[in-house]
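Trainee: no FASTA, just this:
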């Protein structure tokens, strides 16, 4: 009788590859063998323990296989797999079909109130099977399908629809409010150098700026009072006095750009004008062609792809390409009695840019404002395709933009929200959140955004 040699436990070193450490025939991380190291028989047992990384990889493979099996067995599922294989993306209609198929299967297997774990597993499986649908800026990558932090996403939204259909009298859940953005509180400036330390020094600099005509002095004193000014715009009482205290915003161009660079640095400040023409513009055009076409959308697409000489009516090429973002990420419903689509993309565009003809009084336009509005562009020109100058309108004040160029002016409009700690217009919040987190890459990990924004980030950031 052979002596009992006990159990030999073999632990793989960290970072080792499981497949390289065992025979290819080994199919499970926990395996036993009765074969000895030589030709003879042995009672020795070898226990191989997998690492957390290997277990996670196996779990994702299993979940991806689950999603694939569901889609292959359901009508329309093969078309989803084929489209992704061909384009490495899914159109809106294909994504909606996929969500409907998966939630129907989820309900049949787990009921109409599936657990958080079930919804998260399906979301993980989607991005494991379709990695180009993952959100590169998201903490987990699959939050647009299910966010375990707040329960939002396409999957739970469809679950809620099924629950409502099953019980018509059920109270409708209020939509999640979006947080984050330019009004999230006072920030530590990127550049702290040369800031005036005392209230007295700041008051002296402010008084000098009001009376001097030397732009060099004005720009330097504006830099030195940046910290003081940020404390002011974040004060609920003092914020209404910002243009009285710092009136040079209204007649010296470039003050918004200067403050934004002091807040975030030159690299972040330059991102939109660097990346939009070279990457995002073409992506926006591609995605817009896949939308259900309306006359407004067709006009914007036509203008975005035309030269100035070819335009007969409508906005110029650059402004049209920006406005397409509103069609890609239309206003979300808000308020108890609001329904999706209540405000059209065409109406939302009016919250971003307004046009007046050359010769029309800008002061007259400001006087005609009867309600509080978030910042927007005022375009002045002979026609929409021939703008001579832009202003940023905020609190019934008109701040001149540095350039008549549409992209540069829109860049300033976005930055104005941060400089004056002003919240986004809620009907444009999806567009602004996309630009903030994807293009400028500001607070990408901490800003709560709509799943549609996350989906567009996934489509546009892969391969960037």
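Mentor: Perfect, thanks for sending it. Since the model is a prediction, treat every value here as computed from it, not as a measurement. Residues are numbered from 1 along each chain as shown.

Trainee: who's in contact with stretch 228-248?
Mentor: Stretch 228-248 has contacts (C-beta atoms under 8 Å, 6 or more residues apart in numbering) with 185-187, 189, 195-196, 199, 202, 206, 209-210, 218, 222, 225, 249-250, 255, 259, 263, 395, 397, 419-421. For glycine as for every other residue, the C-beta is placed from the backbone atoms N, C-alpha and C.

Trainee: buried set for that stretch?
Mentor: The neighbour-count check on stretch 228-248 (16 or more other C-beta atoms under 10 Å) flags 228-230, 232-234, 242-243, 245-246, 248 as buried.

Trainee: one step back: out of the contacts of stretch 228-248, which are buried?
Mentor: Buried among these (16+ other C-beta under 10 Å): 189, 195-196, 202, 206, 209, 218, 222, 225, 249, 255, 259, 263, 419-421.

Trainee: just to revisit the earlier point, nearest to residue 103, of the buried residues of stretch 228-248?
Mentor: residue 234 (42.7 Å; C-beta to C-beta).

Trainee: how near is that closest one to residue 323?
Mentor: 31 Å (C-beta to C-beta, to the nearest Å).

Trainee: which stretches of the chain form strands?
Mentor: Using DSSP state E, the strands found in the chain span residues 8-11, 46-49, 353-357, 376-383, 386-394, 397-400.

Trainee: name the helices or strands packed onto the third one?
Mentor: To tie it back to what came earlier, the one meant is strand 353-357. Where contact means 3 or more C-beta pairs under 8 Å, 6 or more residues apart in numbering; DSSP states H and E, strand 353-357 is packed against helix 362-367, strand 376-383.

Trainee: the contacts of stretch 228-248 in helices, which ones?
Mentor: 199, 202, 206, 209-210, 218, 222, 255, 259, 263, 419 (DSSP state H).

Trainee: determine which two of the residues you listed are furthest apart.
Mentor: 210 and 263 (23.2 Å).

Trainee: picking up where we left off before, could you redo the strands of the chain as TSV and give each row mean pLDDT and distance to residue 365?
Mentor: Putting the strands of the chain into TSV (pLDDT from 0 to 100; distance: least, C-beta to C-beta, whole Å) gives the following:
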stretch	mean pLDDT	distance to residue 365
strand 8-11	50	74
strand 46-49	55	72
strand 353-357	96	6
strand 376-383	96	6
strand 386-394	96	8
strand 397-400	96	8
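
Trainee: can I get the ones you listed in a markdown table including distance to residue 68?
Mentor: Putting those into a markdown table (distance: least, C-beta to C-beta, whole Å) gives the following:
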| stretch | distance to residue 68 |
| --- | --- |
| strand 8-11 | 34 |
| strand 46-49 | 28 |
| strand 353-357 | 45 |
| strand 376-383 | 46 |
| strand 386-394 | 50 |
| strand 397-400 | 54 |
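
Trainee: show me the contacts for the nearest residue to residue 119 once chain neighbours are set aside.
Mentor: Spatial nearest neighbour of residue 119, excluding adjacent residues (C-beta to C-beta, 6 or more residues apart in numbering): residue 146 at 4.5 Å. Residues in contact with residue 146 (C-beta under 8 Å, 6+ apart) are 119-120, 122-123, 152-156.

Trainee: same thing but 6 Å
Mentor: When contacts are counted by C-beta atoms under 6 Å, 6 or more residues apart in numbering, residue 146 touches 119-120, 123, 153, 155.

Trainee: for these, which one is nearest residue 56?
Mentor: Closest to residue 56, out of all of the contacts of residue 146 and judged by C-beta to C-beta, is residue 120, at 13.5 Å.

Trainee: before we move on, the earlier item: from the buried residues of stretch 228-248, which two are the most distant?
Mentor: 234 and 248, at 20.0 Å, using C-beta to C-beta across these.

Trainee: neighbours of the closest residue to residue 460 other than its chain neighbours, how many?
Mentor: The shortest distance from residue 460 to any non-neighbouring residue, by C-beta to C-beta, 6+ apart, is to residue 283 (4.5 Å). For residue 283, the tally of surrounding residues (other C-beta atoms under 10 Å) stands at 17.
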